[in-house]
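> sequence unknown, structure follows:
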């Protein structure tokens, strides 16, 4: 099992450029998440997908779009990158919680994005 | 809006010391509180807490939830340099998680 994989690992963009961050998980999890982490701050939720076919905004969705392509894949798109979007982006997945079940999230290795 | 606050923001100790990290929360519908350790890359899971007063333990690390005080603590005894990391606390419910800003722990030899 690869767990949660993300591509690319690093990316440098110019202001106004667009790009898509890819995320895939092979654990058959229902829920997937995109977070950003800025220096000195914890993780902030950008978007999440509770199950295939649904997506919802998190704390900081502005400037981003997402696609839950299938159960395995959840992509994050920056349509017009801005320097404020310079951050490390983490994708995560977990199984939908049932009563008393584990709520642990599994994280990918992260994508370090710099917008000049 | 759910809120999770961790303290202290950073801590420097020497090997062998015992540390206590704090996490307080204000949430509309409590479900579970999780602790993660983040070294260079992605966070790794430590504990999940749902019931008040029940200590979870793993080696030198332990954690407990106090629902009356809306808080949790993470204890690390006999710290080692390998414990140096950011420790994240998060509240999670069915749909999403809210993370604190983390405590950066540095353990000096």
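Sure, I can see it. It should be emphasised that the depicted structure is a prediction, and the values quoted were computed from it without experimental measurement. Numbering: from 1, shown residues only, chains lettered A, B, ... in the order given.

> ok, residue A:14 touching residue A:86?
No: under the criterion of CB atoms under 8 Å, residue A:14 makes no contact with residue A:86, lying 11.9 Å away. C-beta here means a position set from N, CA and C on the backbone, and glycine is covered the same way.

> Got phi/psi on residue A:23?
Per-residue torsions, residue A:23: phi -140, psi 140 (degrees, to the nearest 10).

> and it, what is it in contact with?
Residues near residue A:23 by CB atoms under 8 Å, 6 or more residues apart in numbering or on different chains: A:4, A:5, A:6, A:32, A:34, A:73, A:74, A:75, A:76, A:91, A:108.

> contacting residues for the first one?
So that's residue A:4. Per CB under 8 Å, 6+ apart, neighbours of residue A:4: A:23, A:24, A:25, A:27, A:91, A:92, A:93, A:106, A:107, A:108, B:42.

> what bridges to it?
Taking DSSP bridges, one obtains residue A:25 as the residues bridged to residue A:4.

> Please report phi then psi for residue A:54.
Taking degrees, to the nearest 10 as the convention, residue A:54 sits at phi -130, psi 140.

> about what we covered before: quick check: of the contacts of residue A:23, which lies closest to chain B?
residue A:108 (6.1 Å; CB to the nearest CB).

> Do a quick rundown of the helices in chain A.
In chain A, no segments count as helices under DSSP state H.

> ok so, going back, among the contacts of residue A:23, name the ones in strands.
A:4, A:5, A:6, A:32, A:34, A:74, A:75, A:76, A:91 (DSSP state E).

> Look up how far residue A:72 lies from the residue nearest to the second one when sequence neighbours are not counted.
Put plainly, it is residue A:5. Closest residue to residue A:5 apart from its sequence neighbours, by CB to CB, 6 or more residues apart in numbering or on different chains: residue A:24 at 5.3 Å. Noted for residue A:24: a distance of 5 Å to residue A:72, by CB to CB, to the nearest Å.

> So which of those two has more stuff around it?
residue A:24 (20 against 17; other CB atoms under 10 Å in any protein chain shown).

> What parts of chain B come near chain A?
Within chain B, the residues that sit near chain A (CB under 8 Å from any CB of the partner chain) are B:4, B:6, B:9, B:31-32, B:34, B:41-45, B:48, B:88, B:90, B:92, B:94-102.

> are any of the residues you listed buried, and which?
B:4, B:6, B:32, B:34, B:42-43, B:48, B:88, B:90, B:92, B:95-102 (16 or more other CB atoms under 10 Å in any protein chain shown).

> need the strands for chain B, in chain order.
Counting by DSSP E, the strands of chain B are B:3-7, B:10-14, B:19-26, B:32-38, B:43-49, B:56-58, B:61-66, B:71-76, B:85-92, B:97-99, B:103-108.

> Could you dump these into CSV with mean pLDDT and distance to residue A:68 added?
What follows is those, written out as CSV (pLDDT from 0 to 100; distance: least, CB to CB, whole Å):
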stretch, mean pLDDT, distance to residue A:68
strand B:3-7, 96, 26
strand B:10-14, 97, 37
strand B:19-26, 97, 28
strand B:32-38, 91, 23
strand B:43-49, 87, 22
strand B:56-58, 89, 32
strand B:61-66, 95, 32
strand B:71-76, 97, 32
strand B:85-92, 92, 19
strand B:97-99, 88, 18
strand B:103-108, 96, 33
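
> Nearest to residue A:65, out of those?
The closest of the strands of chain B to residue A:65 is strand B:97-99. By CB to CB, the value is 20.7 Å.
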